[in-house]
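K.L.:
Attaching a predicted model along with its sequence, questions to come.
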Amino acid sequence: MRPAEILVSSYSWAEFDKLVRPLPSKLKGDAFELLTREYLLLDARYDFRNLWSTHGEVPKAVSEHPNPASEERVKGGHFG
């Protein structure tokens, strides 16, 4: 069962846990990542405009230079 299929088949944490328990670690992690991503996108307490999966959704410019402003502060001797 693929992570997306697990997610749409689960109506509770107990059901999600039951479906992922027999899976290999990699698939468990992928399913949990998807669950977490969807939760953060749906819950109004969080305002994520850019929330990418690590499975090919991260734009190249971001993956190559994740936080250029932070890098500049470190190069300039500023750490905060």
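P.N.:
Happy to help now that I have it. Residues are numbered from 1 along each chain as shown.

K.L.:
just checking, what packs against whichever helix or strand Tyr39 is part of?
P.N.:
If you go by DSSP states H and E, Tyr39 is part of helix 25-42. Here helix 25-42 is seen to pack against helix 3-9, helix 13-20 when contacts are counted using 3 or more C-beta pairs under 8 Å, 6 or more residues apart in numbering; DSSP states H and E. Placement of C-beta: from N, CA and C, glycine included.

K.L.:
Which of those helices comes out lowest on mean pLDDT?
P.N.:
When mean pLDDT is averaged over each of the helices and strands packed on helix 25-42, helix 3-9 scores lowest at a mean of 91.

K.L.:
which SS state does Leu51 fall under?
P.N.:
Three-state secondary structure (criterion: DSSP: H, G, I helix; E, B strand; the rest coil) places Leu51 in coil.

K.L.:
Pull the number of nearby residues for it.
P.N.:
12 (other C-beta atoms under 10 Å).

K.L.:
Just list the residues touching it, thanks.
P.N.:
When the contact criterion is C-beta atoms under 8 Å, 6 or more residues apart in numbering, the partners of Leu51 are 37, 40-41.

K.L.:
So what's the predicted local confidence for it?
P.N.:
You'll see Leu51 listed with a pLDDT of 71.

K.L.:
just for the chain, where's the confidence low?
P.N.:
Of all residues in the chain, those with pLDDT under 70 make up the ranges 49-50, 53-55, 66-80.

K.L.:
Swap in 90 and give it another go.
P.N.:
Residues of the chain meeting the criterion pLDDT under 90: 1-4, 33-34, 36-80.

K.L.:
Just give me the neighbour total for the closest residue in space to Leu19 that isn't next to it in sequence.
P.N.:
When the adjacent residues along the chain are set aside, Leu19 lies closest to Ile6, with 4.8 Å between them (C-beta to C-beta, 6 or more residues apart in numbering). Here the number of neighbours of Ile6 (other C-beta under 10 Å) works out to 22.
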